[in-house]
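Enquirer: Structure for the following, please:
(2 chains)
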Number of protein chains: 2
Amino acid sequence: MSAFMNLAEKAFSYITDNQDRFVSELTEFLSFPSISSQESHKGDVIACAKWLANHLANIGLESGLIETKGHPIVWGQAKGGSSKKLIIYGHYDVQPDDPIKLWRTEPFQPCIRDGIIYARGASDDKGPLFAHVKAVESLIKTQGELPCDILFLFEGEEESGGTSLTDYLSEHKDELSPDAILLSDTAMYDRNTPAITYGLKGLLAFEITVTTIEHDLHSGVFGGAIRNPAIFLSQIIAKCINSEGKITIPGFYDKVKDIEFWEKENIEKLKFDTNTFLEQAGTKQVWGDKDYSVLERIWTRPTLEVNGLISGYAGSGVKTIIPNSATAKMSARLVPNQDPNEILGLIKDYLNSICPDSVELSISSPFSSANPIVFDTGGPMIQKVSEALKEGFGTEPVFVRTGGSIPVVNAFWNNFRKPVILMGLGLESDGAHSPNEHFSIDHMIRGAKSSAYFITNL
Amino acid sequence: MSAFMNLAEKAFSYITDNQDRFVSELTEFLSFPSISSQESHKGDVIACAKWLANHLANIGLESGLIETKGHPIVWGQAKGGSSKKLIIYGHYDVQPDDPIKLWRTEPFQPCIRDGIIYARGASDDKGPLFAHVKAVESLIKTQGELPCDILFLFEGEEESGGTSLTDYLSEHKDELSPDAILLSDTAMYDRNTPAITYGLKGLLAFEITVTTIEHDLHSGVFGGAIRNPAIFLSQIIAKCINSEGKITIPGFYDKVKDIEFWEKENIEKLKFDTNTFLEQAGTKQVWGDKDYSVLERIWTRPTLEVNGLISGYAGSGVKTIIPNSATAKMSARLVPNQDPNEILGLIKDYLNSICPDSVELSISSPFSSANPIVFDTGGPMIQKVSEALKEGFGTEPVFVRTGGSIPVVNAFWNNFRKPVILMGLGLESDGAHSPNEHFSIDHMIRGAKSSAYFITNL
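Expert: Next up is the predicted model:
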């Protein structure tokens, strides 16, 4: 056995031996109702942050709170034996607990049934965050000195859309300067298969409004001679996306990079289960561009969605008007090498080209904009995480992409251009954001081992 | 001079001589805030009804109130020298007065400026109604006996969509049995040209909802593989109406009766003023089926409008969801010989044919449904009204149709199948339903003379 394997073995034993204490500490951590979006829980968020900083100090880290306009960032750091530096990200704030009546047990009185801990925040993100804390503890306790510098940055605004952490990252870009960033805020592929998420879609959200008249008009007095903006909006949406799901805005796909051959093979190997997907989605049939498989569509193809429609009368019964305007809330999910600003430009050009002078068309500034990111899965860091997950879970991890966007990943990548590693420890079925959120204790322990192995091997 | 002309002359003199008193009585009538849609004004509606019934008694009619589930119907009747019977309809209830700050003078403190009386209800419909009351008074006072039986039926629910009067008409169909029905709740063609409205469009109002998933989904996790109902709704609306305003639902136009040659000539003679129309509509350009002139489109061609769109997120900023459903509030205006039920059937068949099994499509029962009506302008009654308007206004009236629907006209026609004569006394520009509603005293006086002439000549 190599010296390295020996070190890892010791950490693994420590984690196994201390499992019960870890669970009771996690229970304490989960008891804080650190709901960041609710003003009434501001005190709970701060109490939770203090508890976490204190916990980091207790296991031997230097730690503290960074005050922000919003909720504090908890930091904890320790020097290591090499010059390498790893930032580990997580968030200690949680979603609201409503609808409270759908919870089987109290959301902030954690409860263990069949090796699963039930509480708000168990899976998103306190449980996964805590796995990394326990990994670092195991290394400190068994090895005295960490193999590399570790900086924990745990934010309290992830569930409320705060920007304090991203602001902090750009303001302290030079001094932070990590070699890699590790986070666990994504999911495993399935109960037995850990996953590394190596691709995120970009995002462009905006709204379009068409106005044809100054105010609503009587549909009898004017109907037939005045353009109805709700109909016109429908017609232009229909000109942007066809019934097979292809986006028909000229140039929209021009910069889309084809997926690599290995990705196509990888997706085939994953044996996507359509029935489970349909069940999760609550629908009868998948839909979309038939030139691509379902996972290809979700992970690798850009989309354009209407998120909301607003026009005219929305009450019960009838109001026989021609509405004066109609609005569509829209968002596009983008893939490499699409640029959100360029795509917005294409959309504007196309809509302007199909919109007659008599219609007033307004397209908002982006509500949200993020570049797509795909990390190199061949790099040494991601390979090391892969090995570590195999050691911790006893199963080869899979590489996955997601159709979602994680702004903090963009912030880490844009500031540091170093590998950002998304190690999934929870499950899509853990009920993050839903009643009865839960997290497998086994996954926490295996996650802690994987993290310890990765840090040792860095 | 014939005996008839002599009688008319006397009535005309009476009207001219008593003009100032008529105006002061109308002022009293307009002072009641008889807003039928507001519970807080229930007492005012009843007080107004009592005042009106009392006024009818004072001029020599038998009169009273008919109690209903809603607001009372005011009736007044007098026997005449012939067996003929004329029902004169009107409504004494008014629209709400908001936005109150846009009124130059108090809505229920009538005020006269330059021969125009300003008050809520002046034009819609107390002023025109009162013209007929004063006509009957002039005949009673100058001739002792009316030339025919007169029954006034004035409802108090026109502005609040009540059905008390239409219920009353069908319940008392046999005993009512008129030879004609006269009402003034439409408009003159312009300031100098009285108009007889001989055609009303039918109406069909309903809503369609498409549902593709059980609840809103994350647009990143599911986007590209799940059908977006807001996009699908847009696509099916675009398949129902093309950009030139033609309705593309198979069979929609099949039963549309071409307009008569005289109607085409009549419309040409009316010299429709596009600029005034655009100004009223608050838009830059007319739109619609270029095979027909603007007035032809509004008066004689069926339309299909979207009155409202409801789907997904309607707040500010962005919510990146695939909405679970999307709804369009729709209404069609129909022309002879289209039948609302048949049209709804065609719409259902077409939508079902273009809607895949995976989409749940629901089409509501009609919120509102009315048959189109076009009266024969060659009949003796309508010719007599035409003569009467020429005598009263000194100008030949014109025949017009409207794109609107007037449910009470359908009720009169369906129950009695006798001419329903729509004698326009107000102007489209009188501001009915708007602040600073007004009515020309001259039009009331000329209307009273026209009405007196018509009744004398019946």
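
Enquirer: Can you report how many residues lie near the nearest residue to residue A:104 once chain neighbours are set aside?
Expert: With CB to CB, 6 or more residues apart in numbering or on different chains as the criterion, residue A:104 has its nearest non-adjacent residue at 5.7 Å, and that residue is residue A:436. Where C-beta positions appear, they are placed from N, C-alpha and C, glycine not excepted. Look at residue A:436: counted by other CB atoms under 10 Å in any protein chain shown, it has 17 neighbours.

Enquirer: Next: residue A:242.
Expert: 13.

Enquirer: For residue A:83, which residues are in contact?
Expert: For residue A:83, the contact set (CB atoms under 8 Å, 6 or more residues apart in numbering or on different chains) comprises A:148, A:149.

Enquirer: What spatial separation is found between it and residue B:69?
Expert: Using CB to CB, to the nearest Å, we find residue A:83 at a distance of 87 Å from residue B:69.

Enquirer: rewinding a little: and the residue nearest to residue A:104, which helix or strand is it part of?
Expert: For residue A:436, there is no helix or strand it lies in under DSSP states H and E.

Enquirer: now swap in the one 10 residues further on and tell me
Expert: Taking DSSP H and E as the definition, one finds residue A:446 inside helix A:441-457.

Enquirer: Buried residues, that helix. List them.
Expert: Of the residues in helix A:441-457, A:441, A:443-457 count as buried by neighbour count, 16 or more other CB atoms under 10 Å in any protein chain shown.

Enquirer: Of those residues, which pair is most distant in space?
Expert: Using CB to CB, the buried residues of helix A:441-457 span at most 24.5 Å, a distance reached by A:441 and A:457.

Enquirer: Walk me through the domains of chain A.
Expert: When chain A is parsed with automatic domain parsing, its domains come out as A:3-200+A:372-457, A:205-256+A:302-368.

Enquirer: Save these as CSV, and put in mean pLDDT too.
Expert: Below are those laid out as CSV (pLDDT from 0 to 100):
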stretch, mean pLDDT
domain A:3-200+A:372-457, 95
domain A:205-256+A:302-368, 96
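
Enquirer: so which of those domains gets nearest residue B:197?
Expert: Nearest of the domains of chain A to residue B:197, taken as CB to CB: domain A:205-256+A:302-368 at 11.8 Å.

Enquirer: Could you work out the end-to-end span of the closest one for me?
Expert: Distance between the boundary residues of domain A:205-256+A:302-368 (CA to CA, to the nearest Å) amounts to 5 Å.

Enquirer: What of stretch A:111-122?
Expert: Note: stretch A:111-122 ends 10 Å apart using CA to CA.

Enquirer: before we move on, what about stretch A:218-227?
Expert: 13 Å.

Enquirer: and what of stretch A:390-407?
Expert: 28 Å.

Enquirer: buried sites along that stretch?
Expert: Applying 16+ other CB under 10 Å to stretch A:390-407 flags A:391-393, A:397-407 as buried.

Enquirer: Give me the phi and psi for the residue nearest in space to the middle of chain A.
Expert: With distances taken as CA atoms, centre = their mean, residue A:406 lies nearest the centre of chain A, 4.1 Å away. Residue A:406 adopts backbone torsions of phi -120, psi 100, taken as degrees, to the nearest 10.

Enquirer: which residues sit in contact with it?
Expert: Each residue near residue A:406 by CB under 8 Å, 6+ apart is listed here: A:185, A:186, A:200, A:422.

Enquirer: now do residue A:333
Expert: A:201-203, A:302-303, A:305, A:403-405, B:219-220, B:223-224.

Enquirer: Correct me if wrong, but it is in a strand.
Expert: Yes - applying DSSP: H, G, I helix; E, B strand; the rest coil, one finds residue A:333 inside a strand.

Enquirer: Quick check: bridge partners of it?
Expert: residue A:203, residue A:303 (DSSP bridges).

Enquirer: wait, residue A:308 sits on residue A:328?
Expert: Yes - contact criterion CB atoms under 8 Å: residue A:308 and residue A:328 qualify, at 7.2 Å.

Enquirer: okay, and the common contacts of the two?
Expert: Residues touching both residue A:308 and residue A:328 by CB under 8 Å, 6+ apart: residue B:230.

Enquirer: And the helices in the stretch 151-300 of chain A, which stretches?
Expert: All helices of the stretch 151-300 of chain A, identified by DSSP state H, counting those that start in this stretch, fall at A:164-171, A:173-176, A:219-222, A:229-240, A:261-269, A:274-281, A:294-300.

Enquirer: Run through who's touching the second one.
Expert: Same thing as helix A:173-176. So helix A:173-176 is contacted by A:87, A:151, A:169, A:415, A:416 (CB under 8 Å, 6+ apart).

Enquirer: sec struct for residue A:309, please.
Expert: Per three-state DSSP, residue A:309 ends up strand.

Enquirer: related to what we said a few turns ago, between the contacts of residue A:333, which is closest to residue A:211?
Expert: Closest to residue A:211, out of all of the contacts of residue A:333 and judged by CB to CB, is residue A:305, at 22.8 Å.

Enquirer: Not counting sequence-adjacent ones, nearest residue to that closest one?
Expert: Excluding the flanking residues, the one nearest residue A:305 by CB to CB, 6+ apart is residue B:219, at 4.8 Å.

Enquirer: tell me the SS of residue A:421?
Expert: Residue A:421 is classified as strand under three-state DSSP.

Enquirer: do stretch A:339-359 and chain B meet?
Expert: Yes - using CB under 8 Å from any CB of the partner chain, stretch A:339-359 reaches chain B at A:356, A:357, A:358.

Enquirer: mind putting the contacts of residue A:406 in TSV, distance to residue B:32 included?
Expert: Formatted as TSV, the contacts of residue A:406 follow (distance: CB to CB, whole Å):
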residue	distance to residue B:32
A:185	67
A:186	69
A:200	67
A:422	72
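
Enquirer: Redo those as TSV? Include distance to chain B and neighbour count.
Expert: TSV is the format used below for the contacts of residue A:406 (distance: CB to the nearest CB, whole Å; neighbours: other CB atoms under 10 Å in any protein chain shown):
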residue	distance to chain B	neighbour count
A:185	14	23
A:186	11	21
A:200	9	29
A:422	14	25
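
Enquirer: Now, the residues you listed that are in strands?
Expert: The members of the contacts of residue A:406 that map onto strands under DSSP state E are A:200, A:422.

Enquirer: quick one: the strands in the stretch 51-200 of chain A?
Expert: Here the stretch 51-200 of chain A has its strands, by DSSP state E, counting those that start in this stretch, at A:62-66, A:73-78, A:85-91, A:111-113, A:116-118, A:149-155, A:180-183, A:195-200.

Enquirer: Closest residue of the stretch 251-400 of chain A to chain B?
Expert: residue A:282 (3.1 Å; CB to the nearest CB).

Enquirer: With residue A:318 as the reference, measure out to the residue sitting furthest away from the middle of chain A.
Expert: Residue farthest from the centre of chain A, counting by CA atoms, centre = their mean, is residue A:221 at 51.1 Å. Separation of residue A:221 from residue A:318 (CB to CB) stands at 16 Å.

Enquirer: Over to residue A:184?
Expert: For residue A:184, the distance to residue A:318 - CB to CB - is 52 Å.

Enquirer: okay, the two: which has more neighbours?
Expert: Taking other CB under 10 Å, residue A:184 and residue A:318 do not tie; residue A:184 has more neighbours (28 against 23).

Enquirer: my guess is the more buried one meets residue A:135, correct?
Expert: No - counting by CB under 8 Å, residue A:184 does not reach residue A:135; the two are 10.6 Å apart.
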